[in-house]
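Colleague: here's my sequence, what's the structure:
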Amino acid sequence: LASVATLHWFRSIQWPLGTEMFSMAGLVGLAAVTASAPVKWAGTVTMPRNVAVAAPLNLTVSISPSLGGDVSYVTGTAVAEWTYDHDNGGTKCVPHTETNLKWTQTADAATAVGDGTPASFYTLVGAVTGSPAVFRGNLTVQGVWKGTFQLTEGAPQVASSCHAGPAPTPPPPLPVGGVNASVWPMPRSIVRGHGTLQVNPHHVVFSVSGNTSAMPELDAAFARTRANCFQHAVESTAVSALTSLVVRVLHPMTELAFEVDEQYNLTIPISGSATVDANTVFGVYHALETFTQLLQFDFDAAAYQINAVPILIQDGPRFAWRELMVDTSRHWLPPRVLRSVVDSMLTAKLNVLHLHLVDSQAFPLRLPSAPRLVDGAYSEAEQYDLADLAALQQYAEARGVRVVAEIDTPGHGAAWCVGMPELCPSSKCTQPLDVSNNATFATIAAVLKDLFSVFPDPFVHLGGDEVDTSCWTSTPRIAAWMNARGLSSDEAFGYFVSETQAIAHAAGKTTIVWDEIWNHFGTALDRATTVINTRFNPAQAPQRRPCVANATSHGYRVVRSQNIHWYLDQTVDKPWTAQYSFDPCGDLPSESCKYIVGGAASMWGETVDASDLMQTVWPRAGAVGERLWSPPYVNSSAAALPRYLTFRCYLNRRGFAAAPALNGLNGESGFGGGPGIDRQGPKGPGSCFQQ
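Modeller: Presented below is the predicted three-dimensional model:
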């Protein structure tokens, strides 16, 4: 059985741009984009009857030939409406509408993407051919093919209808456009053809057109891209149909910052020059990563190639804050390993490296303003000096990754006591740090001053989690200090938080704190200079249930890292779908989502060191990356699985030790099974694409 829905497609000319625009309308009549009379397009969509659909359309349209030059981000008001069978009985045919379609036309391709509310997960991918013109192609739902459509220019408009009886079985997918099977995370919009483009690395020129003020940064990015793309030693004699990759950057001197523009357009033709258009170099970096993922090596032809050309990708992030947290206290991680972590982050378009630098177990920082604290390091060999941190910061910034440091206070401070015992309540009760001693805050100020000298990011994480104040109440001098000021232990905690935040704010920093701080102090926190980092799931900690909803309802910005989903070290006994199934806005009203600035994949280090870091992080951090980068309707793990398998193999080809993608899924486990199966190796011989 199949259901048939009738769509109506209209074409009009939008003046004065002279660019051909499109709109759609259903039974309620036309939605005029311009004053000019529209030209009707009408036809049908055929899809299986068992497909339940309940959201508006998201359109992706390929048009050939070009309809009038390059136009980017022309936004017009249009209406897309179709009717479908809710109950598979032909009795509840309800129309759905999406407005505010965003149109972009570049060379021989054009796209129309709906950005209405609620967000759509339908995609039409096709081509316009013939005279009278016929627009035909494939219908996908959340990236999975569901049927075909065909619309004819000038066809008479007919009433939309649902058919309860049998209908022809939809034909197989048409060879036009389609869902990309190799790019991770899924781009915002992608249109593909069915050609093959040969690429000879010796014949391809990487260049910048227009403003060349960022040439040193881009030349370095081009060199990295060549090294990542062309790894095989085979000397290709193939003629390169791709002659160049030309980059155009509108604002090349824009500095790396929170909410910097990371959008890009990537066009790969059947032959000639590929182009990247971006507002900043950071969009270019993402485009080059996407280009690298698209390139494959054909051993039979002894040539590199890109399949399914021509390709038009328009891409940009859903969230501005896409974080990987790495713990360098529970186990020290060598600087070279941290640089490799930065390189790996680029594959999933993660852009914030959160360094959890110190904790109860170790204080590995050698700081000129507080030199005794490094006595809390594990050993002489397991330390970082400011030069190490500055080099990591520069390395990350050159790749579009911000580094945000965390100094967790007042809890998790036992390692401070090794070098400076005066900062702790007593030798037997070492944390939280001593709230009654002014030297505590002077030392924190010194630590932050040194870190701010090498980490210019405007954000700093001050921790604030798991604070048990019993050491304060059980230490006579601290208890006396609180009594003299009429402070409860909770109020003393508030005093500590306000003092440390004041230090950071005086340096012009915005502070990030764990969700316990919000639960304690709520709206007493400065909304403009505080970001809440949430980690507990309501099912695990019901008392924390209001945190995210309450914080966002009061206008506080939130970075989400729900521990049962995005704590990578604590979910190693779960399949990757545990990460992929979590949507940072999924449990919030739409008006609160604007305060979710992003999220974090967190890698706590109790059971992770340099020997198993990468396979603990990858490929599952990629699942987090896609939920933070891709549109919200890209949320089907079943649809994503083929790309996820490909992504894991791509990570390994790049030299990043990613564990088998299927670990923990449907009974699959690593060698030996048992706890931690997600980061174990394959259980036997086989293809990377099947493990």
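Colleague: what segments of the stretch 551-691 of the chain are helices?
Modeller: 563-566, 577-580, 590-593, 613-617, 620-629, 637-653 (DSSP state H, counting those that start in this stretch).
Colleague: winner for burial among the ones you listed?
Modeller: Greatest average neighbour count among these goes to helix 620-629 (a mean of 28), per mean count of other C-beta atoms under 10 Å. (Glycine included, C-beta is placed from N, CA and C.)
Colleague: contacting residues around that one?
Modeller: By C-beta atoms under 8 Å, 6 or more residues apart in numbering, the surrounding residues in contact with helix 620-629 are 184-186, 317-319, 321-322, 324, 345, 347-350, 566, 568, 571, 576-577, 579-580, 582-584, 598-601, 603, 634-635, 640, 644, 647-648, 651, 678.
Colleague: picking that back up, how about the helices of the stretch 551-691 of the chain in JSON lines, adding distance to Asp385 and mean pLDDT?
Modeller: JSON lines is the format used below for the helices of the stretch 551-691 of the chain (distance: least, C-beta to C-beta, whole Å; pLDDT from 0 to 100):
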{"stretch": "helix 563-566", "distance to Asp385": "31", "mean pLDDT": "90"}
{"stretch": "helix 577-580", "distance to Asp385": "35", "mean pLDDT": "92"}
{"stretch": "helix 590-593", "distance to Asp385": "41", "mean pLDDT": "90"}
{"stretch": "helix 613-617", "distance to Asp385": "21", "mean pLDDT": "96"}
{"stretch": "helix 620-629", "distance to Asp385": "28", "mean pLDDT": "97"}
{"stretch": "helix 637-653", "distance to Asp385": "31", "mean pLDDT": "88"}
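Colleague: these: which one's closest to Leu256?
Modeller: Of all the helices of the stretch 551-691 of the chain, it is helix 620-629 that lies closest to Leu256, at 17.1 Å by C-beta to C-beta.
Colleague: rewinding a little: to Gln383, which of the helices of the stretch 551-691 of the chain lies closest?
Modeller: Of all the helices of the stretch 551-691 of the chain, helix 613-617 sits nearest to Gln383, with 18.3 Å by C-beta to C-beta.
Colleague: which strands and helices lie in contact with that closest one?
Modeller: In terms of contacts (3 or more C-beta pairs under 8 Å, 6 or more residues apart in numbering; DSSP states H and E), helix 613-617 is packed against helix 335-345, strand 596-603.
Colleague: is it possible to get a markdown table of those that adds mean neighbour count, distance to Asn437 and mean pLDDT?
Modeller: As requested, the helices and strands packed on helix 613-617 are exported to a markdown table (neighbours: other C-beta atoms under 10 Å; distance: least, C-beta to C-beta, whole Å; pLDDT from 0 to 100):
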| stretch | mean neighbour count | distance to Asn437 | mean pLDDT |
| --- | --- | --- | --- |
| helix 335-345 | 19 | 33 | 98 |
| strand 596-603 | 25 | 31 | 96 |
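Colleague: ok, which of the ones you listed comes nearest Ser236?
Modeller: helix 335-345 (25.6 Å).
Colleague: who does the next helix or strand after that closest one touch, helix- and strand-wise?
Modeller: Of the helices and strands lying after helix 335-345 in sequence (DSSP states H and E), the nearest is strand 352-358. Contacting strand 352-358 under the criterion 3+ C-beta pairs under 8 Å, 6+ apart are the following elements: strand 321-327, helix 335-345, strand 402-407, strand 596-603.
Colleague: would CSV of these with distance to Pro364 be doable?
Modeller: CSV is the format used below for the helices and strands packed on strand 352-358 (distance: least, C-beta to C-beta, whole Å):
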stretch, distance to Pro364
strand 321-327, 11
helix 335-345, 11
strand 402-407, 12
strand 596-603, 16
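Colleague: indicate which one of the ones you listed is closest to Tyr304.
Modeller: Nearest of those (C-beta to C-beta): helix 335-345, 21.1 Å.
Colleague: residues contacting the closest one, please?
Modeller: With contact meaning C-beta under 8 Å, 6+ apart, helix 335-345 is reached by 324, 326, 328, 333, 351, 353, 384, 388, 391-392, 395-396, 399, 401, 610, 613-614, 617-618, 621, 651, 654, 656.
Colleague: off-centre distance for that helix?
Modeller: Between the centre of helix 335-345 and the centre of its chain there are 18 Å (C-alpha atoms, centre = their mean, to the nearest Å).
Colleague: once you drop chain neighbours, what's closest to Val460?
Modeller: Lys509 (4.7 Å; C-beta to C-beta, 6 or more residues apart in numbering).
Colleague: quick one: that neighbour from Pro185, how far?
Modeller: Using C-beta to C-beta, to the nearest Å, Lys509 is found at 30 Å from Pro185.
Colleague: more neighbours, those two?
Modeller: A direct count of neighbours by other C-beta atoms under 10 Å for Lys509 and Pro185 places Pro185 higher, at 29 against 19.
Colleague: for that one, which residues are in contact?
Modeller: Listed by C-beta under 8 Å, 6+ apart, the contact partners of Pro185 are Ala348, Lys349, Gly622, Gly625, Glu626, Trp629, Ser630, Val634.
Colleague: which residues of the chain score low on pLDDT?
Modeller: 1-181, 536-546, 665-676 (pLDDT under 70).
Colleague: end to end, how far does stretch 241-258 reach?
Modeller: In stretch 241-258, first residue to last residue: 39 Å (C-alpha to C-alpha, to the nearest Å).
Colleague: show me which residues of that stretch are buried.
Modeller: 241-249, 252, 254, 256, 258 (16 or more other C-beta atoms under 10 Å).
Colleague: what do you get for stretch 350-368?
Modeller: 350-367.
Colleague: over to Phe297: give its phi and psi.
Modeller: Main-chain dihedrals, Phe297, degrees, to the nearest 10: phi -110, psi 130.
Colleague: that one bridge partners, please.
Modeller: On the basis of DSSP bridges, Phe297 is bridged to Tyr304.
Colleague: now do the contacts for it.
Modeller: Gln231, His232, Val234, Ala303, Tyr304, Gln305.
Colleague: okay, the last one and Ser244: tell me how far apart.
Modeller: So the one you mean is Gln305. 16 Å.
Colleague: got it, and the fourth one?
Modeller: Distance from Ala303 to Ser244, counting by C-beta to C-beta: 17 Å.
Colleague: most neighbours, which of the contacts of Phe297?
Modeller: Comparing these by number of neighbours (other C-beta under 10 Å), Tyr304 comes first, having 24 neighbours.
Colleague: quick check: it touching Pro201?
Modeller: Yes - judged on C-beta atoms under 8 Å, Tyr304 makes contact with Pro201 at a distance of 6.7 Å.
Colleague: now the common contact residues for the two.
Modeller: Going by C-beta under 8 Å, 6+ apart, residues that sit against Tyr304 and also against Pro201 are Cys229, Phe230, Ser236.
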